[in-house]
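Peer 1: coords below, sequence missing:
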DNA sequence: GAGTTTCTTTGACCCAAGTCAAGCAATAAC
DNA sequence: GTTATTGCTTGACTTGGGTCAAAGAAACTC
């Protein structure tokens, strides 16, 4: 476990360096024309679809209602945003950026770009490339680390949202389409029968996976899905590992799964995760390949 | 130049993600028991040698004198630090952390470690390793990018400090020692005769290099040195490139240099930078290898 | 030894950032 | 139709983080 504390030290030391040297840049350029809070708010409004309810901004930025109200009013007075009333619920107010506001955001972005590109000028092209790669890797792994995978009831809205998106994805990818009736029922993946896992990123569901018991000692992995925004992080691998851990907890010794011939990356992923292809164990309509993995005893 | 703007975007997007998700952690744990400014100051004091002059803290943290004075007094009242008078100059006050202060800093560090290690628990060991490597690379390149290399007069304190450290390093590495009388005189590296470059990191001189004209069209690179804290960043390569650019500006077509047999890494660096070994062009007492590089015309 | 500079302290301010509670209007629940 | 509840606004207030200028004491310069 020595290595963990080394990794912790590496990340903390990077954090100190980065926030002090680079992160500070942001505050400097953002804060020059208006209060930082106001600038951040303007960015958030400009980055949202037009007509965001104040309520959404409040939860997203974690602001006090009174504080937000005042800041929005200040931005309105400066001509940066326009306020309106929500069409469905006239208690709610909506806000959208004006052209002037958009111009200011663009200007700030230009300044930030200039600052960063000034920094990068000190590097040779190959070094710039390495830096980009390194930060991309760091970001990918930090995102993956910050994801949480938790069991939820398959009837909850988050679970339904994942399954719907999963079904839509498959429908687009399978030449023959996909019938949502093929999805497992909530009762098959709850209690003793199985489990349904949802992966969350900053509160948003971005992936799922199900495990259901098929016969004594044998489980089946179903519906491993990852949102397009969260792909290439290694989330599928993590969901799979979490499902296997659940299987071990339930005393299962084997997990199986099937997959459609169109999903070649999925097949490669299962093989990397220790699954071996086996003969058909079912006549599942969308299956073209069947896999199995023996689990260690819990 | 398309790639530069891609790199800018990559770094900015990383910055946004990192400061929001990870950097925010810091403020949360640091700011819980005392004002953030005070916490930062306490950390800075605890991290310095005991008896730091307030003056040093002021420049290091960029604080107003009055503001600092008050914060230090508050920390003293809480028993976190002890104030004293500077032994050599009784205008200056010094400050050192008490046991209670040290304990608080240790506790905060424990919390931060726990936070980060909780984050890393979501990653497999090989992924943790990759993350550490990626942040180490990113940090190295960001440091390099943030360095500035500027011509300074060789008589200035910064230049003298570099040359003294250079001489001390060589004295330790050469079996026969090193005589500081061998250093170039300030007049040899100023004006038309040559140039003296100093590399700064956050205002601190951390490297140097000199160029002097030896015969028409020919320059000699001397005293390329990098502070121990700034090694392995690629600074020597950058200093060399800057000296070559100066040589080109002066219309020189060839630069030469000699190096001591003990400095094997330096030799490898010169070769990577495009220098080829040539027969002795001088009878310089510390020289064992001679190199030359032809320059493009300015 | 006088005048200047350096370092710190102190008092007086300022603004950003945020909290809290009262109140109003619209909607939802019963 | 009454009674919550929700969403927003407003006023009053607090704290943090800082700036500025005056002034005292010590040290340096001439």
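Peer 2: Here it is on my side, so go on. Quick caveat, the model's predicted, so the values are computed rather than measured.

Peer 1: can you tell me the residue of the stretch 51-200 of chain A closest to DNA strand C?
Peer 2: Closest residue of the stretch 51-200 of chain A to DNA strand C, C-beta to the nearest atom of the strand: residue A:66 (3.0 Å). Quick note: C-beta positions are derived from backbone N, CA and C, even for glycine.

Peer 1: Which stretches in the stretch 101-250 of chain A count as strands?
Peer 2: Along the stretch 101-250 of chain A, counting by DSSP state E, counting those that start in this stretch, strands occupy A:148-151, A:194-201, A:204-215, A:218-226.

Peer 1: Identify whichever of those strands lies nearest to residue A:14.
Peer 2: strand A:194-201 (21.5 Å; C-beta to C-beta).

Peer 1: quick one, the closest one and strand A:204-215 angle?
Peer 2: 160 degrees (axes from the mean of the first three to the mean of the last three C-alpha atoms, to 10 degrees).

Peer 1: Residues contacting strand A:194-201, please?
Peer 2: Residues outside strand A:194-201 that contact it (C-beta atoms under 8 Å, 6 or more residues apart in numbering or on different chains) are A:143, A:146-154, A:158-159, A:162, A:184, A:186, A:188-190, A:205-213, A:219, A:226, A:230, A:235, A:238-239, A:242-243, A:246.

Peer 1: Around chain B, which positions in the stretch 101-250 of chain A sit nearby?
Peer 2: A:112-113, A:116-117, A:119-123, A:125, A:127-132, A:134-139, A:141-148, A:202, A:234, A:238 (C-beta under 8 Å from any C-beta of the partner chain).

Peer 1: Can I get the buried ones among those residues as something I can paste into ChimeraX?
Peer 2: To isolate the buried members of these in ChimeraX, using 16 or more other C-beta atoms under 10 Å in any protein chain shown:
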select /A:112,113,116,117,119,120,122,123,127,128,129,130,131,132,134,135,136,137,138,139,141,142,143,144,145,147,234,238
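
Peer 1: Tell me the strands beside the strand or helix carrying residue A:83, with direction?
Peer 2: Element membership of residue A:83, judged by DSSP states H and E, is strand A:81-85. Strand pairing for strand A:81-85, using DSSP bridges, gives strand A:93-97 (antiparallel).

Peer 1: The strand holding residue A:83 - what's its average pLDDT?
Peer 2: Strand A:81-85 carries an average pLDDT of 93.

Peer 1: Any idea how far that strand is from the middle of the chain?
Peer 2: Remark: strand A:81-85 is offset 30 Å from the chain centroid, using C-alpha atoms, centre = their mean, to the nearest Å.

Peer 1: Check stretch A:147-158 too.
Peer 2: For stretch A:147-158, the distance to the chain centre is 14 Å (C-alpha atoms, centre = their mean).

Peer 1: what comes up buried for it?
Peer 2: Residues of stretch A:147-158 classed as buried by neighbour count (16+ other C-beta under 10 Å): A:147, A:149, A:151, A:152, A:154, A:158.

Peer 1: Endpoint to endpoint, that stretch covers what distance?
Peer 2: 15 Å (C-alpha to C-alpha, to the nearest Å).

Peer 1: Over to stretch A:42-56?
Peer 2: Using C-alpha to C-alpha, the end-to-end distance of stretch A:42-56 comes out at 14 Å.

Peer 1: After the least confident helix or strand in chain A by mean pLDDT, which helix or strand is next? Please name it.
Peer 2: The weakest-scoring helix or strand in chain A, judged by mean pLDDT, DSSP states H and E, is helix A:24-30 (a mean of 69). The C-terminal neighbour of helix A:24-30 among helices and strands, as given by DSSP H and E, is helix A:36-47.

Peer 1: And DNA strand D, is that following helix touching that?
Peer 2: No. With C-beta under 7 Å from any atom of the strand as the criterion, DNA strand D is not reached by helix A:36-47; the gap is at least 11.0 Å.

Peer 1: Which elements pack onto that helix?
Peer 2: In terms of contacts (3 or more C-beta pairs under 8 Å, 6 or more residues apart in numbering or on different chains; DSSP states H and E), helix A:36-47 is packed against helix A:24-30, helix A:54-61, helix A:65-77, strand A:93-97, helix A:99-120.

Peer 1: can you do 6 Å?
Peer 2: Under the contact criterion of 3 or more C-beta pairs under 6 Å, 6 or more residues apart in numbering or on different chains; DSSP states H and E, helix A:36-47 touches strand A:93-97.

Peer 1: Give me the contact list for the strand it packs on.
Peer 2: A:45-46, A:50-54, A:72, A:81-84, A:86 (C-beta atoms under 6 Å, 6 or more residues apart in numbering or on different chains).

Peer 1: Take the strands of the stretch 101-250 of chain A and write them to JSON lines, including mean pLDDT.
Peer 2: Listed next are these as JSON lines, based on pLDDT from 0 to 100:
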{"stretch": "strand A:148-151", "mean pLDDT": "94"}
{"stretch": "strand A:194-201", "mean pLDDT": "95"}
{"stretch": "strand A:204-215", "mean pLDDT": "95"}
{"stretch": "strand A:218-226", "mean pLDDT": "96"}
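
Peer 1: would JSON lines of those strands with distance to residue A:94 be doable?
Peer 2: Output for these, formatted as JSON lines (distance: least, C-beta to C-beta, whole Å):
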{"stretch": "strand A:148-151", "distance to residue A:94": "31"}
{"stretch": "strand A:194-201", "distance to residue A:94": "26"}
{"stretch": "strand A:204-215", "distance to residue A:94": "22"}
{"stretch": "strand A:218-226", "distance to residue A:94": "32"}
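
Peer 1: Select, out of those strands, the one closest to DNA strand D.
Peer 2: strand A:204-215 (18.8 Å).

Peer 1: Say whether DNA strand C is contacted by the strand holding residue A:83.
Peer 2: No. Strand A:81-85 stays clear of DNA strand C (C-beta under 7 Å from any atom of the strand), getting no nearer than 8.4 Å.

Peer 1: got the angle between that strand and helix A:65-77?
Peer 2: Using the same axes, to 10 degrees: strand A:81-85 against helix A:65-77 is 120 degrees.

Peer 1: Does strand A:81-85 reach DNA strand D?
Peer 2: Yes. Strand A:81-85 comes into contact with DNA strand D (C-beta under 7 Å from any atom of the strand), by way of residue A:83.

Peer 1: neighbouring contacts of stretch A:126-139?
Peer 2: So stretch A:126-139 is contacted by A:120, B:7, B:10, B:14, B:17, B:134, B:135, B:137, B:138, B:141 (C-beta under 6 Å, 6+ apart).

Peer 1: distance of the residue nearest to the third one when sequence neighbours are not counted from residue B:16?
Peer 2: Taking C-beta to C-beta, 6 or more residues apart in numbering or on different chains as the measure, residue B:10 lies nearest to residue A:132, with 4.3 Å between them; neighbours along the chain are not counted. Note on residue A:132: its distance to residue B:16, by C-beta to C-beta, to the nearest Å, is 15 Å.
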